[in-house]
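> Please work out how this folds:
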Amino acid sequence: MVNEKSPDKLGFEPSGVSIVRRTARNYAVAVLAVLAATAVRFLLDGFLAEQPFVPFFLVTLVVVVFAGPGPGVLATLLSLISAKYFFLAPIGSFEINDPRSLAKTAIFTVIGLALCVTAELISRRRRAAGEAVLRSVKTQLRGEATKSLQESEERYRLLFETSRDGIATVDLSGHIQDANPAFQSMLGHTMDELRALTYQDFTPLRWHDAEQAIVRDRILAQGDSGEYEKEYIHKDGSVFPVSLRAWPVMDAGGEVIGLRAFVRDITDRKRVEEALRDADRRKDEFIATLSHELRNPLVPIRNGLQVLRTTGGQGPSAKRAQEMMERQVEHLVRLVDDLLEVSRVSHGKIELRKERLDLAVVVDRAVDLNRELIDAAGVLLRVILPDAPVLVDADPVRLAQIFGNLLNNALNYTDRGGQIEVAVRRVAGEAIVSVADTGVGIPKDKLPHVFDLFVQGDATPGRDMGGLGIGLSLVRSLVELHGGEVEAHSEGESRGSRFVVRLPLTSNLEVNAPPPQTGSCAAASSRRVLIVDDTPEVADSFAMLLETLGVQVRVAYSGAQGLAASSEFEPELVFLDIGMPGMDGFETARRMRDQPAGRKAVLVALTGWGEDEMRRRVQEAGFNRHLTKPASMGDLEALLYAAPT
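Next up, the predicted model:
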């Protein structure tokens with residue numbers, strides 16, 4: 001008979017925590033997937049106006065396949081809610097008056113639930129088939145063992161010796177009785193060393209209780225542990241993850257005399273899973289960053305369109321609006337171009353058109369192309385170029401892109417009044433270009449990752465870094481395509497940073513000149529409105545829009561200017577940007593409320609940040625409303641009409 005204490009000595013059980021976590025993760029994936037589909041549907045509104053369910057159908061299908069039928073049902077229901085509320089008339093309501101919308105909703109519901117039901121049936125059939133096969137195999141093995149124990153043992157020994165997975169047998173006290181070469185290699189012990197150990201000797205203490213429960217409730221009670229994961233301790237003391245499955249070992253009389261386990265080292269799999277989780281986190285960060293980067297240029301574009309519509313495209317306001325819209329469209333094109341460049345590089349589709357060039361000339365031209373941004377940033381730029389040519393074989397367009405990205409990065413992270421130095425020199429057969437700044441610096445823990453895709457410096461409401469986190473990744477890829485390397489150096493936060501590009505020199509003295517580069521509703525007239533935003537394009541375009549509605553508008557480009565204008569102008573309605581450098585929107589609002597004129601004004605936070613945490617902080621700072629850029633005309637008109645007189 002089996003010793004009553006043996007299950008407590010043996011033991012392999014996972015608590016239900018891992019199952020709960022996996023289930024919760026699957027349902028969380030369903031929710032996040034529907035949110036992502038909603039965002040995509042908003043971005044592609046012009047293309048999918050007649051097909052509101054397309055991204056939601058794809059999301060439901062993916063969730064059903066990878067997360068299971070339960071999360072699939074949740075994804076279907078959330079997709080129905082999102083599609084109806086945001087994209088089917090009447091918008092913002094759950095009523096369905098249009099027969100076509102009702103038909104589309106019904107079709108999507110039927111297809112989504114059908115996918116979930118089908119997935120559940122397939123899953124059950126597979127489980128049943130697997131269990132049937134397992135029962136059949138076990139029955140067959142027992143029969144063969146009874147009829148020909150020697151033949152079965154020979155087959156087992158062949159598997160035992162040649163398997164790449166570890167195989168071990170323990171007695172009821174937990175001592176190792178036998179182990180194949182793969183198991184010995186996995187733990188770093190010889191067979192003689194293993195026989196002196198129990199399996200608990202190389203199992204971390206935190207797994208002991210769980211394994212005892214598995215032995216008691218699964219292996220001894222059901223004859224099979226099922227596959228589960230745990231950890232082993234190597235002879236050198238390192239801990240590594242394993243996947244394990246165990247069965248009872250019986251004697252000729254059917255009595256349990258031990259356990260036999262098949263063990264696989266899953267270190268590589270866990271490393272891949274961690275990499276996938278990290279990639280998924282970066283994907284979410286990228287989507288959030290992309291949303292924020294698209295909102296800012298959309299504000300002047302949307303406002304400019306309204307100005308053109310109101311003025312009929314005539315007059316100085318229309319001309320200014322058109323110019324601003326063109327600049328913002330160019331900015332959006334650059335964002336898209338950067339995304340396409342990343343795709344081309346990652347798929348090896350970048351073809352370099354190399355020429356013999358003087359690197360100093362290329363760097364000087366890149367500086368000239370960014371001169372307008374440099375002047376606007378208010379930084380001191382120092383360019384150090386050598387007297388003699390620094391010759392390289394390179395693509396002039398890609399080199400200009402490399403140094404332009406490094407210069408833009410320095411501008412993004414250097415405050416007004418800071419310094420940037422660009423230097424070109426030759427050292428020991430290498431052409432070296434360094435871009436150094438006195439900006440915010442790079443934390444030590446983030447320095448190894450600055451060239452990773454979608455990685456950015458920390459963004460705060462008081463500092464908008466801009467970009468999608470792909471510029472430096474492009475720099476590294478393009479430099480490596482030229483046979484060079486790029487490095488990042490920083491002494492830490494607030495200590496500035498320095499990027500160094502190294503390219504191989506050419507000995508041929510014949511120089512090709514680089515090719516020329518080219519840059520690329522009315523409200524009552526008594527309403528007094530103050531706009532406070534540190535981005536002139538946003539503030540000016542918004543002011544033009546309100547002026548076309550007959551509103552008296554005053555514009556301020558900082559919190560301090562806003563406080564002065566509020567005291568003098570006594571506005572009825574104030575639109576405040578949150579992410580302003582120096583005195584941000586929160587502090588400006590608090591100080592404005594302390595002024596006599598500010599106490600009775602309606603304060604509206606108008607910002608590109610729309611998260612729940614931001615809304616809470618807006619309310620605590622004393623704002624009356626929170627609007628996410630770009631605000632709709634309906635919201636603006638409602639505020640203008642509701643403003644106090």
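> Do I have it right that L406 meets F499?
Yes: using C-beta atoms under 8 Å, L406 makes contact with F499 at a distance of 5.2 Å. For glycine as for every other residue, the C-beta is placed from the backbone atoms N, C-alpha and C.
> so what sits against both of the two?
Counting by C-beta atoms under 8 Å, 6 or more residues apart in numbering, the common neighbours of L406 and F499 are 435, 475.
> if I look at A213, how far off is V383?
Shown here: A213 relative to V383, a distance of 70 Å by C-beta to C-beta, to the nearest Å.
> same check, this time on C116
Taking C-beta to C-beta, one finds C116 at 63 Å from V383.
> Please apply the same query to D364.
Taking C-beta to C-beta, one finds D364 at 7 Å from V383.
> When those two are compared, which one has more neighbours?
The neighbour comparison of D364 against V383 (other C-beta atoms under 10 Å) goes to D364, with 17 against 14.
> who are the neighbours in contact with the more buried one?
Contacts for D364 were tallied using C-beta under 8 Å, 6+ apart; they are 383, 385.
> and it, what helix or strand is that in?
helix 359-369 (DSSP states H and E).
> Any idea how many residues pack against E487?
Counted with other C-beta under 10 Å, residues neighbouring E487 total 15.
> Could you check the pLDDT of it?
E487 carries a pLDDT value of 93.
> Am I right that it falls within a strand?
Yes: looking at E487 with DSSP: H, G, I helix; E, B strand; the rest coil, it is inside a strand.
> Go ahead and confirm it touches S497.
No: counting by C-beta under 8 Å, E487 stays clear of S497, with 10.8 Å between them.
> Dihedrals phi and psi, S632?
When read as degrees, to the nearest 10, the backbone of S632 gives phi -80, psi 160.
> tally of neighbours for it?
S632 has 11 neighbours, counted by other C-beta under 10 Å.
> can you pull out the helices in the stretch 301-450 of the chain?
Taking DSSP state H, counting those that start in this stretch as the test, the helices found in the stretch 301-450 of the chain are 316-346, 359-369, 371-377, 396-412.
> Pick the most deeply packed of those.
Comparing the helices of the stretch 301-450 of the chain by mean neighbour count (mean count of other C-beta atoms under 10 Å), helix 396-412 comes out on top with a mean of 22.
> Where in this protein is the helix or strand with the lowest mean pLDDT?
helix 6-9 (a mean of 44; mean pLDDT, DSSP states H and E).
> Past it, which element shows up next along the chain?
helix 17-43.
> Check which helices and strands that next one sits against.
In terms of contacts (3 or more C-beta pairs under 8 Å, 6 or more residues apart in numbering; DSSP states H and E), helix 17-43 is packed against helix 54-67, helix 69-87, helix 267-311.
> what about it, distance to the chain center?
Relative to the centre of its chain, helix 17-43 is centred 14 Å away, using C-alpha atoms, centre = their mean, to the nearest Å.
> So which bits of that helix are buried?
Residues of helix 17-43 classed as buried: 26-27, 29-30, 32-34, 37-38, 40-41 (neighbour count, 16 or more other C-beta atoms under 10 Å).
> With distance to K235 and pLDDT as new columns, can those be given to me in TSV?
Shown next, in TSV, are the buried residues of helix 17-43 (distance: C-beta to C-beta, whole Å; pLDDT from 0 to 100):
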residue	distance to K235	pLDDT
N26	38	82
Y27	41	83
V29	39	82
A30	44	79
L32	42	86
A33	44	82
V34	49	82
A37	50	79
T38	53	82
V40	51	80
R41	55	77
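> What is the nearest of those to F262?
Lowest distance from F262 to those (C-beta to C-beta) belongs to N26, with 27.0 Å.
> was I right about the closest one contacting G70?
Yes: here N26 lies in contact with G70, judged by C-beta under 8 Å, at a distance of 7.2 Å.
> so where's the stretch 451-600 of the chain uncertain?
The model of the stretch 451-600 of the chain has pLDDT under 70 over residues 453-469, 507-526.
> how about the helices of it, start to end?
Counting by DSSP H, counting those that start in this stretch, the stretch 451-600 of the chain has helices at residues 471-481, 536-548, 559-569, 585-593, 596-599.
> how about those helices in a markdown table, adding mean neighbour count and distance to T267?
Below are the helices of the stretch 451-600 of the chain laid out as a markdown table (neighbours: other C-beta atoms under 10 Å; distance: least, C-beta to C-beta, whole Å):
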| stretch | mean neighbour count | distance to T267 |
| --- | --- | --- |
| helix 471-481 | 21 | 28 |
| helix 536-548 | 22 | 51 |
| helix 559-569 | 19 | 53 |
| helix 585-593 | 21 | 47 |
| helix 596-599 | 15 | 61 |
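> Can you convert those helices into CSV and add a column each for distance to A252?
Output for the helices of the stretch 451-600 of the chain, formatted as CSV (distance: least, C-beta to C-beta, whole Å):
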stretch, distance to A252
helix 471-481, 65
helix 536-548, 85
helix 559-569, 87
helix 585-593, 80
helix 596-599, 93
